[in-house]
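1. My questions concern the predicted model and sequence given below.
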Amino acid sequence: MREDTDATDCPRILCPRAPRRRLRRFRGRGDRITGLGFVLVLIGPVVLLYGGREGVTLGVLLALVASLAAVPLVWRDVDWRRSWWLIWPGLVAAPAGAFVVRVLPDPALLLMIAALAYFALVAGHLPALAQALTGRSGAVAAGAAAGFMHVASGLSGPPLAAHAVGDRWPQRSFAASVQVIFVAFSAVSVLLRGLPALPSVDVTILVAATAAGIVVGSLLVRFVPAPIARRAMLAIAWAGATVVLVRGILALWS
C-alpha cells in the first residue's frame, strides 16, 4: 500500500494534520482557480431573486456557460481518464437529483439547498472526507455524489475537490479537468431541469455577463491577492446560504 507523505515525511495515516493542510491549501487555490466557488457564490442571490427551483435552474445554466468559457483556456491540461471516472457515475446519479427536485415542496427544497451550501462551505475542514474518496472506488463515489448534487443544487464541488486531494491529483490538472466535468454535469442538469422560465432578455444578459466575467476574471486573477478574493467569496457564500436557510424556514410557516 502506498504511503502518502507531507513535508514531515511521516505517513498520512500517522499524521492526521497532513491531509487537512493539503485540503486547505488545495481549496485556497482551487476555489479561485478552478471555479469551484462559482455556484456557491451565485446560489444565494439567484435563489433569493427567483426561488429555489428557478434559481438553481438558472444557476446550472450559468455554470454551463462559465465552464464552456473556461475549457478552451485549460484544454491541454485535462486528464481525460480521471475525468471520465468522475463523469459517468455523476451522469448515472443525475436523474435521482432531478427526481428529488420534482417531488420536494418548495420549503423543503430551499432547506436542502441551504444544507448543501453549508456542506460545501465546511467540507474543506473535513480531512476524513478526502481520505475516504481515494482510488477508483473513491472516484465513483465522488462522481455520483457530485452528479446528484449538481442537478439538485448546482453545488457539486466538494466531493470532487475531496477526491482530488485524497487521490493527490495535481492542482493544475484538476483545475483543467474539473471544467470538463462541470460541462458534463451542467449539460445533463439543463436537460433534466429544462431552461429557466424567465424572460429571454434577462437570461441572455446573464449568460453574456457570465461569459464576459470568466474572461475578465482570468485577466484579473494575477492582480487580486488570493486571501482577499477567498475572503470575499466566503463572505458572499455564507451570507447566501444563510439567506436561503432563512427563506426556507419562513416558507414552512407561510
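-> On my side now, so go ahead.
2. in the stretch 151-254 of the chain, which spans are helices?
-> In the stretch 151-254 of the chain, the segments counted as helices under DSSP state H, counting those that start in this stretch are 157-166, 171-193, 200-220, 226-252.
3. tilt between the second one and helix 157-166?
-> Relative orientation of helix 171-193 versus helix 157-166 (axes from the mean of the first three to the mean of the last three CA atoms, to 10 degrees): 150 degrees.
4. what distance separates helix 171-193 from the centre of its chain?
-> The chain centroid and the centroid of helix 171-193 are separated by 9 Å, computed with CA atoms, centre = their mean, to the nearest Å.
5. helices and strands around it, which ones?
-> Counting by 3 or more CB pairs under 8 Å, 6 or more residues apart in numbering; DSSP states H and E, the packing neighbours recorded for helix 171-193 are helix 17-33, helix 52-74, helix 80-103, helix 135-153, helix 157-166. Glycine gets a C-beta too; all of them are placed from N, C-alpha and C.
6. Can you pull up the most central residue in this protein?
-> G157 (2.6 Å; CA atoms, centre = their mean).
7. surely it meets A117?
-> No - using CB atoms under 8 Å, G157 is not in contact with A117, being 10.9 Å away.
8. what is in contact with those two at once?
-> Taking CB atoms under 8 Å, 6 or more residues apart in numbering as the contact rule, G157 and A117 both touch L40.
9. Count the neighbours of A197 for me.
-> A197 has 11 neighbouring residues, counting by other CB atoms under 10 Å.
10. tell me the contacts of it?
-> So A197 contacts 54, 57 (CB under 8 Å, 6+ apart).
11. Look up how far G51 lies from it.
-> 10 Å (CB to CB, to the nearest Å).
12. before we move on, back to that, deepest in the core, which of the helices of the stretch 151-254 of the chain is it.
-> helix 157-166 (a mean of 28; mean count of other CB atoms under 10 Å).
13. Packing partners of that helix?
-> If you count contacts as 3+ CB pairs under 8 Å, 6+ apart, helix 157-166 packs onto helix 17-33, helix 106-122, helix 127-132, helix 135-153, helix 171-193.
14. Any chance of a markdown table for those helices, columns distance to W238 and mean pLDDT?
-> Converted to a markdown table, the helices and strands packed on helix 157-166 look like this (distance: least, CB to CB, whole Å; pLDDT from 0 to 100):
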| stretch | distance to W238 | mean pLDDT |
| --- | --- | --- |
| helix 17-33 | 13 | 44 |
| helix 106-122 | 6 | 88 |
| helix 127-132 | 19 | 81 |
| helix 135-153 | 16 | 92 |
| helix 171-193 | 22 | 92 |
